[in-house]
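Asks: Turn this into a model:
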Amino acid sequence: MFSRSQEDRLKRLAQKLEQVAEKDRRRMEREEEMLALRQRAAEELHKLCSDFVASINQLVTTVHLDLAPPVWETDTLKYNDINMIQINVSGRIVQLSFQITDTLEEKIDIRVPYTLHGAVRWFNQDLLERDEVRDDRLYYCIGRSDRGWRYVDSRSQKLGPVDQDYLTGIIEQLLQ
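Replies: This is a model prediction of the structure:
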């Protein structure tokens, strides 16, 4: 029915279609993995803040740190908008905002690949009266050695981990 050359051509086409299907399957699998990673990263950041707030609240008697949102649900992550976690203590505010990168991973702002990016901002009434809001850039890095939440210090441009030490330092600055 088909000539030998046409049959060979159809076989090559079928082979290419199989390769494309496999490539698409791997791409979709990677997108699903990154989606799950992003969700875990958002939950991880909220848990860090929640644990920090709970630790401080256990030690104080006259003030109370508030966390918003108080609970991070799996479906809380917004894909087309900015996500926000806020710590408030007597009008001293720490805001951690982040959003999903345009591609699965980027290396535009820093040399380490990241999949979420945003900012950490902190302010109090004194800073607001001076039109000053302090901030650092925020990234969820996916490099092997740098995996996790990192900040870039706005003054020194150094990359550091977002951890309880970092949050403690920010609150300390707000109390000065």
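
Asks: any idea how far the nearest residue to Glu43 once chain neighbours are set aside is from Lys23?
Replies: Distance criterion C-beta to C-beta, 6 or more residues apart in numbering; nearest residue to Glu43, sequence neighbours excluded, is Trp72 at 5.4 Å. In short, each C-beta sits where N, CA and C put it, glycine included. Trp72 is 34 Å from Lys23, where distance means C-beta to C-beta, to the nearest Å.

Asks: the more surrounded of those two?
Replies: Trp72 (20 against 10; other C-beta atoms under 10 Å).

Asks: Would you verify that the more buried one is located in a helix?
Replies: No. Looking at Trp72 with DSSP: H, G, I helix; E, B strand; the rest coil, it is coil, so not inside a helix.

Asks: quick one on the thing from earlier: report the contact partners of the residue nearest to Glu43.
Replies: Ala42, Glu43, His46, Lys47, Ser50, Ile85 (C-beta atoms under 8 Å, 6 or more residues apart in numbering).

Asks: other SSEs contacting the longest helix seen in the chain?
Replies: Of all segments of type helix in the chain, defined using DSSP state H, the longest is helix 4-59. Applying 3 or more C-beta pairs under 8 Å, 6 or more residues apart in numbering; DSSP states H and E, one finds that helix 4-59 contacts strand 66-68, strand 83-89, strand 92-100, strand 114-123, strand 134-141, strand 148-152, helix 164-175.

Asks: Output these as a markdown table; include the columns distance to Leu59, mean neighbour count and mean pLDDT.
Replies: Listed next are the helices and strands packed on helix 4-59 as a markdown table, based on distance: least, C-beta to C-beta, whole Å; neighbours: other C-beta atoms under 10 Å; pLDDT from 0 to 100:
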| stretch | distance to Leu59 | mean neighbour count | mean pLDDT |
| --- | --- | --- | --- |
| strand 66-68 | 16 | 14 | 96 |
| strand 83-89 | 12 | 18 | 96 |
| strand 92-100 | 16 | 20 | 96 |
| strand 114-123 | 20 | 20 | 95 |
| strand 134-141 | 24 | 21 | 95 |
| strand 148-152 | 24 | 20 | 96 |
| helix 164-175 | 12 | 15 | 95 |
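
Asks: Any chance of a markdown table for the ones you listed, columns distance to Thr76?
Replies: Formatted as a markdown table, these follow (distance: least, C-beta to C-beta, whole Å):
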| stretch | distance to Thr76 |
| --- | --- |
| strand 66-68 | 12 |
| strand 83-89 | 8 |
| strand 92-100 | 12 |
| strand 114-123 | 13 |
| strand 134-141 | 15 |
| strand 148-152 | 16 |
| helix 164-175 | 20 |
